[in-house]
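Asker: fold the following and give me the result.
(2 chains)
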Amino acid sequence: MNNELDLDVLRGQWHALDDRLDASLELDVAALRRTLSDRMRSAFRRHSRWLFVSLIFDAAAVAALLVFTFAQGGDLPYLLSAIALLLGLSVQVATDINEWRVLRRLDFDAPVVEVRASIAGVRSRRLRTTGMILLLAVALWTPFVLVTFRGVFGIDLYRALPWSVLAANFALGIAIIPLGFWLGRMIDRHFRDSSGYAQFIDDAAGRSWNAAAGSWNAYAHLRDELDTNEVSQILATRTRRLEQAGRIAMPLRRLKRAQKSGIALAIVPIILLATFNITHGGMPLLIASGVLLHLACVAIMVANIAHLGALARLDLAATPSFLAERLEWMASQRERFARGLLVIAPLLAIPLTLVIGQGVFGIDLTTRMPWPVGIAVGTIAMIVAWWLARRSRRDPGHFAQRVVDALCVDTRRHTRAAIAVLLAPRSDSD
Amino acid sequence: MTTIDQQERFVALLEPHRRVLYKVANAYCSRREDRGDLIQEIVVELWRAFERFDARASFSTWMHRIAVNVAISFHRGESRRIRDALPLDDFTMDLAAADRVMEGAGEDLHALQQLLAQLDEISRALILLYLEGYGHDEIADTLGISPGNVATRINRIKQKLQRNHAAGGTRE
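Answerer: I've put the predicted structure just below:
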């Protein structure tokens, strides 16, 4: 073999292959034309399955609502409820269609900056819509239940329920809008610069555009890397990422599975409490208790979702010690949240007792219990909560560890397993 | 222009450059099935981008840019797979025959292919474009790096090729 291998000489040999390759690669032009004609179908398939399902759902919901609207034309409360839902849904439909259109048009040939700009446009629209839908969700909940019961089961809840129930639910829904708006702005102001918060918001905005954005961001990131790093460095980073991903795949999967089961578990009380709230709107103390517990369950679910999102975004190219530190930090944040929940548990026990009393046994403790007893119970709950808060601050590591672990869906154990794998000494054969 | 006219134009431009599809796919995928998938993906992306193709520009350069971008994305596993959307048979491209051409291309090109397989995705793209006869400016423009960076990288890869080849020769 010749020990001199010149790339410029190889260039000539490479070109010499062209004719032979052309002869062997006979392109079936007719088949290609047929394929191109199907481009819409194939392009559609290539987009997020979730977006597709969402569009189908949107179309079905709009059709069902239109049918309902025409069928209930003479019944003003139901007509207004259906129109309110249609308006809310139309915002969602417009966003989904716009998103689908932009994703479909994403062009590999366009400069990265241009693609990023169009993705940023979709992102801001998507976030606005998501925020608006979340704000309207509580207000639209009552019309949704009314229309569903009437349309699906033929039950006229509007006349079956006391007017105070509906009025309280409507009022709560309307009152939540400015409150939610203020809360959203406050959170945004405080966490604007946090990458974790930005990612969480992106996740909340939807999976389909996020996937496209993620892919383009990765490409743009690669170009940034190229401008600042040597190829060997980039290659080393990528190799490390692959190798590390393989090593901690199993413990990470277990950790993610735990978060998913946590989300599933939180959904059950959320649904039960929502049902309780809709049927007890006329009892101020009971609905306040129901809403408080509902928010606590939503917070638990959000904590699981945030943890899951953070795990999905782990940079596996980072050093093992940095990765271990990140995992440890995530677990500590979850435990902090669980400890906080545990500290306010005595206070939550009061609304929980009221809700269970009414919901399960049909006993209205708000009227049955004399007010001095209520005040005494409340005071005791506050003292216990204060005592728990002190204990939790003094020795957070040992504070009700088992309960904290249960509230964190065993996050600590799975995190430790992942960290052990990461920091384990590797043999040469690795 | 109607869709049919546009299709005719696209196919007419693509046909003489079909080897580019194979060469790019061959540089990024070792398995024949993956090469088939990647070729399909490139063709679909080319078609999607075709309405924005400037007829005054070089089709070959435009095609290389898209093909390389799709291949990098595919190689990194970030690409949305379309395995079920476009069966390979529809293209009737005999990849086995093309593989035989590559196998019989001589020891030097073999050594080059082995080197390509060891390079990271951007360096592969760079060498592919270099072998296709593109100048440093065009390669820089396609990959989004500076011409100086292109020259440096090509020199490094040339040295690596020499080292690998010499090591192989010594062993033999």
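Asker: confidence score at residue A:376?
Answerer: What the model reports for residue A:376 is a pLDDT of 90.
Asker: which strand or helix spans it?
Answerer: Assigned by DSSP states H and E, residue A:376 falls within helix A:371-394.
Asker: so where is the stretch 151-300 of chain A shaky, pLDDT-wise?
Answerer: Within the stretch 151-300 of chain A, the segments meeting pLDDT under 70 span A:191-245, A:281-282.
Asker: so where do the helices sit in the stretch 251-400 of chain A?
Answerer: Applying DSSP state H, counting those that start in this stretch to the stretch 251-400 of chain A gives helices spanning A:284-312, A:320-343, A:345-359, A:365-368, A:371-394.
Asker: centre of the chain to the third one, how far?
Answerer: Going back to what we said before, that points to helix A:345-359. Centroid separation for helix A:345-359 versus its chain: 28 Å, with CA atoms, centre = their mean, to the nearest Å.
Asker: what do you get for the first one?
Answerer: A distance of 13 Å separates the centroid of the chain from that of helix A:284-312, by CA atoms, centre = their mean.
Asker: quick one: list the elements packing against that helix.
Answerer: For helix A:284-312, the packing partners by 3 or more CB pairs under 8 Å, 6 or more residues apart in numbering or on different chains; DSSP states H and E come out as helix A:163-191, helix A:195-205, helix A:231-279, helix A:320-343, helix A:345-359. (Glycine included, C-beta is placed from N, CA and C.)
Asker: any idea which of those gets closest to residue A:313?
Answerer: The closest approach between residue A:313 and any of the helices and strands packed on helix A:284-312, judged by CB to CB, belongs to helix A:195-205 at 5.7 Å.
Asker: ok so, going back, by contact count, what packs against the helix holding residue A:376?
Answerer: helix A:320-343, helix A:345-359.
Asker: closest to chain B out of these?
Answerer: Chain B lies closest to helix A:320-343 among the helices and strands packed on helix A:371-394, at 19.9 Å (CB to the nearest CB).
Asker: tell me the mean pLDDT for the closest one?
Answerer: 84.
Asker: just checking, what packs against that helix?
Answerer: In terms of contacts (3+ CB pairs under 8 Å, 6+ apart), helix A:320-343 is packed against helix A:231-279, helix A:284-312, helix A:371-394, helix A:401-407, helix A:411-423.
Asker: in it, what counts as buried?
Answerer: Buried residues in helix A:320-343, counted by 16 or more other CB atoms under 10 Å in any protein chain shown: A:320, A:323-324, A:326-327, A:330-331, A:333-335, A:337-339, A:341-343.
Asker: what about residue B:24, neighbour count?
Answerer: Burial measure for residue B:24: 28 neighbouring residues, criterion other CB atoms under 10 Å in any protein chain shown.
Asker: quick check: phi and psi at it.
Answerer: Note on residue B:24: its backbone torsions stand at phi -70, psi -50 [degrees, to the nearest 10].
Asker: what's the separation between it and residue B:40?
Answerer: Distance of residue B:24 to residue B:40, computed by CB to CB, to the nearest Å: 13 Å.
Asker: and if you look at residue A:127?
Answerer: 34 Å.
Asker: more neighbours: which of the two?
Answerer: Neighbour count, other CB under 10 Å: between residue A:127 and residue B:40, residue B:40 has more, with 24 against 15.
Asker: that one sits in which helix or strand?
Answerer: Going by DSSP H and E, residue B:40 is in helix B:32-50.
Asker: following that helix, which helix or strand comes up?
Answerer: helix B:59-75.
Asker: can you give the distance of that following helix from its chain's centre?
Answerer: Chain-centre distance of helix B:59-75: 6 Å, with CA atoms, centre = their mean.
Asker: ok, residues contacting that helix?
Answerer: A:108-109, A:215, A:219, A:222, B:13-14, B:17, B:20-21, B:24-25, B:27-29, B:37-38, B:41-42, B:45-46, B:49, B:53-54, B:79, B:121-122, B:125, B:128-129, B:132, B:134, B:138, B:142-143 (CB atoms under 8 Å, 6 or more residues apart in numbering or on different chains).
Asker: report the buried members of those residues.
Answerer: A:108-109, A:215, A:219, A:222, B:13-14, B:17, B:20-21, B:24-25, B:27-29, B:37-38, B:41-42, B:45-46, B:49, B:53, B:79, B:121-122, B:125, B:128-129, B:132, B:134, B:138, B:142-143.
Asker: okay, now residue A:312: neighbour count?
Answerer: Around residue A:312 there are 13 residues (other CB under 10 Å).
Asker: what's the closest non-adjacent residue to it?
Answerer: residue A:256 (7.7 Å; CB to CB, 6 or more residues apart in numbering or on different chains).
Asker: buried residues of the longest helix seen in chain B, list them for me.
Answerer: The helix spanning the most residues in chain B, taking DSSP state H as the definition, is helix B:147-171. Going by neighbour count (16+ other CB under 10 Å), the buried part of helix B:147-171 is B:149-150, B:153-154, B:157-158, B:161, B:164-165.
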